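[1] Sequence first, then the predicted structure, then my questions.
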Amino acid sequence: MVRGQKVNLRPIRESDLGKMMEWDNDSEIVKYLGKKFLSWDTCVTWFNRVSVNRTHRALAIESETGRLIGTIELEHIEWRNGRGELSICIGERDCWGHGYGSDAVQAFVDFAFHRLHLDQVYLRVYRGNGRAIRCYQKVGFRKEGLLRWDGRRAELDDDLILMSLRREAFAREAFALDSRREAI
């Protein structure tokens, strides 16, 4: 288990899949993350594949009360190059905008750098997803580039921002955050 200040990250259980399917049918979530599961069978197949895949880590996000509120993943892990791609879904709408996402990202990135020994975590986020961008910036992610919208996705005409965070920058950011907390 990985602990944050507001959340705990734990392995995804088969009993979590129903809730994940529910989130995958939420139009606001699909708008920014895409449709992950086409059916219950594809959800179960995903779960079985992730549990044995060395290049993919997926954890459930629980609130401090133990309520399942989302998932966080590190995909495309390149062990030799020391990097992986982050994605997060806070599926429970009443938990949006309360700091659960940034706490989960902070805890998960710490896990990626210190327990998985990665050197870089990167992500893609739609430019119109301001809440997510603020979350990532709060943890220390910085813009690396921009993929322009090519017009093929009619439902979302938005560019993709590429962001990344290196272990050294995360350590500096964490030190600065701890210093600010001590000053309060």
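    Received the coordinates, thanks. Quick caveat: nothing in here was measured; it's all calculated off a predicted structure.
[2] how much space is there between the residue nearest the centre of the chain and V52?
    For the chain, the residue nearest the mean C-alpha position is I88 (2.5 Å; Cα atoms, centre = their mean). For I88, the distance to V52 equals 22 Å [Cβ to Cβ, to the nearest Å]. Heads up, the C-betas are built off the backbone N, CA and C, glycines and all.
[3] thinking again about what came up before, what packs against the one helix or strand the residue nearest to the centre of the chain maps to?
    Take DSSP states H and E as the rule and I88 turns out to sit in strand 83-90. Packing contacts for strand 83-90, counted by 3 or more Cβ pairs under 8 Å, 6 or more residues apart in numbering; DSSP states H and E, involve helix 27-33, strand 57-63, strand 68-78, helix 100-114, strand 120-126.
[4] and D94, how many neighbours?
    8 (other Cβ atoms under 10 Å).
[5] Pick out the shakiest of the helices and strands packed on strand 83-90, pLDDT-wise.
    Looking at the helices and strands packed on strand 83-90, the lowest mean pLDDT belongs to helix 27-33 (a mean of 85).
[6] Check which residues of that helix are buried.
    Under the neighbour-count criterion of 16 or more other Cβ atoms under 10 Å, helix 27-33 has 29, 33 buried.
[7] Please apply the same query to stretch 132-147.
    By 16+ other Cβ under 10 Å, the buried positions in stretch 132-147 come out as 132-133, 135-136, 138-141.
[8] so where's the chain shaky on pLDDT?
    Along the chain, segments meeting pLDDT under 70 span 150-157, 174-184.
[9] swap the cut-off to 90 and go again
    Residue ranges of the chain with pLDDT under 90: 1-3, 25-39, 50-53, 97, 126-130, 146-160, 168-184.
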